[in-house]
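[1] give me a 3D structure for the following:
(3 chains)
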Amino acid sequence: MNENDSTLFQQIRDELFVAAVGDVLDTMGYHHQFLPAGIAPLERSMRIVGRAMPVLEADVINDGRKSAGPLSGKPFGLMLEALDDLRPGEIYIATGASLRYALWGGLMSTRAQRLKAAGAILDGYVRDANEIEHLGFTVFCRGTYAQDQGVRGQVIDYRCTIEIDGVRIAPGDLLFGDREGVLVIPREVEAEAVQKALEKVRTENKVADAIRNGMGACEAFRTFGVM
Amino acid sequence: MNENDSTLFQQIRDELFVAAVGDVLDTMGYHHQFLPAGIAPLERSMRIVGRAMPVLEADVINDGRKSAGPLSGKPFGLMLEALDDLRPGEIYIATGASLRYALWGGLMSTRAQRLKAAGAILDGYVRDANEIEHLGFTVFCRGTYAQDQGVRGQVIDYRCTIEIDGVRIAPGDLLFGDREGVLVIPREVEAEAVQKALEKVRTENKVADAIRNGMGACEAFRTFGVM
Amino acid sequence: MNENDSTLFQQIRDELFVAAVGDVLDTMGYHHQFLPAGIAPLERSMRIVGRAMPVLEADVINDGRKSAGPLSGKPFGLMLEALDDLRPGEIYIATGASLRYALWGGLMSTRAQRLKAAGAILDGYVRDANEIEHLGFTVFCRGTYAQDQGVRGQVIDYRCTIEIDGVRIAPGDLLFGDREGVLVIPREVEAEAVQKALEKVRTENKVADAIRNGMGACEAFRTFGVM
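    Model (predicted):
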């Protein structure tokens, strides 16, 4: 991870929350940056900041028979290769599978943590949740479910561009998540978005003070322009 | 809030739970009074009692262009007016929006708390959950999601009759919720329903004692008429 | 409960988790043994082990009118009979109802606990969750919702074979659940599955050690054959 990213991630983690950055992206014309609400942190207090390492899954029934495709019969497809390829500050973010099996687990978390990855975001389930919580590895997912991927799915590509519910995620995109959702922050505006979000947070504190002191919501909006 | 309501709300809060009142409404022939199960308290222990101040939302894409409607270009539509209009003991209850953005947040909670509202019930998401929990304001919702309403939706009416999943809510209807659901208690039978629910709770305690002492479920039902 | 079952249940509870047994069933060719992910413990830490006592529900509108069927007008149908029939180590497992009302509650838990049942698994909602948690009775379900079954549904059969999402459950089948799902373990292979799962857990601990010490995921899979 380069020094610029270290500083940027730290600033986001210390001073921002997802709502503020989302609002700023809205005003800048970026209206489709939130992953679906069903993708939530394994533990409520988890926050995630890092660069996307996108992973593409597919439902591939492995019944032991050989078929024509290049990954036929390879357990988990390219999942282990994708995992070993994680770099410091990156987030393993996977989609493409149906909601029937786990895309991530305890041993994967142990490996990713060793590689200094920033976390994992799964458009699907995870397993070994107790172990992951014990490790303190950051995972966002659609819930916990132990059914294994082995005979049901494969990773078919990685470091590729993916889409989750129409939101596009390219390798290296900045991701930021908390208990209120995960944002994909487009690379070309990330510095501007973070700067404007920091300013917005300061304004909102002033509005909160005014409202606590009795100012009406209509008046607050006229005065401060946010609500 | 008038004195009758103060007393009524206190009694419900102290002595009743939603299941008991729902059962009594069933026996009185009111079978469609529960809001959908997906609407739950932000924190498991939250309970809500108050009178409905219904709010109607709509998905309105605000891309900066002027259109023909009376609320075109007005940020949040009538949301701030609805909020400022809350009276002591009232509950802001909103429906009509798709599940893509938050209908309620931290600043709104601060304002509503100042106005002595009893809480908010959203057929949709809320944001600023940490702030709301810190305020101790009571909110029921379909979950937490920070995507903003600004460019996606508007409040188009309030103090109007609304329906959530076929359950009708008129201004002033008594609402009662806990972690097992939210009930709309029709005004014409609210006194009777509360009275009968208090009696039912007492009977159920007797049944529980009998079963703990070894009475069978079939016998208990024959003896006490409830189970 | 016979002695063999006591020993078996204790060993599962002490040494296994659902993921390990599911993996082993996969390798043995049993690929459809998990109940849907939406069925989860009332409290995250709850684990369940026991033999299925299957119960079949149906949506039956009880408006007080007599109809032709044998259970017409009988409150809850055969629910109380099914409940009183529970034997030590058995699990009340019910399906068939729509997601509109509770299939289980506090008084039922009190009765089942007295009968030394191992728990309840509901393909639907439960009510009286506070009371159930206070009792310490183990319940898996799709959530909490107080709307009553009385006028909406009936138990129409029990000790019958049922299916939940295509997974078949026969009377006496071994059930094992934790926060990552519920497994139906076919009777003919239950001893073998438990034995193999115990071995798998030991291997996984070795893999975890190797990965913590820096071994790559690809190499670990080549070395140990699991990941």
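
[2] list the helices and strands the longest strand anywhere in chain A packs on?
    Using DSSP state E, we find that the single longest strand of chain A is strand A:48-59. Counting contacts by 3 or more Cβ pairs under 8 Å, 6 or more residues apart in numbering or on different chains; DSSP states H and E, strand A:48-59 is packed against helix A:3-15, helix A:79-84, strand A:90-95, strand A:119-122, strand A:153-158, strand A:162-164, strand A:174-178. Glycine gets a C-beta too; all of them are placed from N, C-alpha and C.

[3] what's near enough to touch residue A:25?
    Taking Cβ atoms under 8 Å, 6 or more residues apart in numbering or on different chains as the criterion, residue A:25 is in contact with A:31, A:33, A:183, A:185, A:189, A:193.

[4] again, only using 7 Å
    A:33, A:193 (Cβ atoms under 7 Å, 6 or more residues apart in numbering or on different chains).

[5] give me the element it is part of.
    Using DSSP states H and E, residue A:25 sits in helix A:18-27.

[6] now do residue A:182
    Short version, using DSSP H and E: residue A:182 is in strand A:181-185.

[7] ok and the helix or strand that that strand is followed by relative to strand A:181-185, angle-wise?
    Once the chain leaves strand A:181-185, the next helix or strand it forms, by DSSP H and E, is helix A:190-212. Interaxial angle, helix A:190-212 versus strand A:181-185 (axes from the mean of the first three to the mean of the last three Cα atoms, to 10 degrees): 140 degrees.

[8] list the helices and strands helix A:190-212 packs on?
    Helix A:190-212 sits against helix A:3-15, helix A:18-27, helix A:217-224, helix B:106-114, with contacts defined as 3 or more Cβ pairs under 7 Å, 6 or more residues apart in numbering or on different chains; DSSP states H and E.

[9] let's have those in CSV, adding mean pLDDT.
    Shown next, in CSV, are those (pLDDT from 0 to 100):
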stretch, mean pLDDT
helix A:3-15, 93
helix A:18-27, 97
helix A:217-224, 95
helix B:106-114, 97
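
[10] can I get the ones you listed in CSV with distance to residue B:121?
    Below are the helices and strands packed on helix A:190-212 laid out as CSV (distance: least, Cβ to Cβ, whole Å):
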stretch, distance to residue B:121
helix A:3-15, 32
helix A:18-27, 21
helix A:217-224, 18
helix B:106-114, 12
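
[11] quick one, what contacts the closest residue to residue A:112 other than its chain neighbours?
    The shortest distance from residue A:112 to any non-neighbouring residue, by Cβ to Cβ, 6 or more residues apart in numbering or on different chains, is to residue A:86 (5.6 Å). Neighbour list for residue A:86: A:53, A:92, A:112, A:115, A:117 [criterion: Cβ under 7 Å, 6+ apart].

[12] need phi/psi at the last one.
    Its backbone dihedrals place residue A:117 at phi -70, psi 150, with angles given as degrees, to the nearest 10.

[13] and for it, the neighbour number?
    24 (other Cβ atoms under 10 Å in any protein chain shown).

[14] nearest spatial neighbour of it, skipping sequence neighbours?
    Closest residue in space to residue A:117, ignoring its immediate chain neighbours: residue A:86 at 4.4 Å, by Cβ to Cβ, 6+ apart.

[15] and the fourth one, by the same measure?
    By the measure of Cβ to Cβ, 6+ apart, the closest residue to residue A:115 outside its immediate chain neighbours is residue A:86, 4.6 Å from it.

[16] how about the residues of chain A by chain C?
    Proximity of chain A to chain C, by Cβ under 7 Å from any Cβ of the partner chain, involves residues A:80-81, A:83-84, A:99, A:107, A:110-111, A:114, A:125, A:127-129, A:143-148, A:150-151.

[17] report the buried members of these.
    Neighbour-count burial (16 or more other Cβ atoms under 10 Å in any protein chain shown) applied to the residues of chain A next to chain C gives A:80, A:83, A:107, A:110-111, A:114, A:125, A:127-129, A:143-148, A:150-151.
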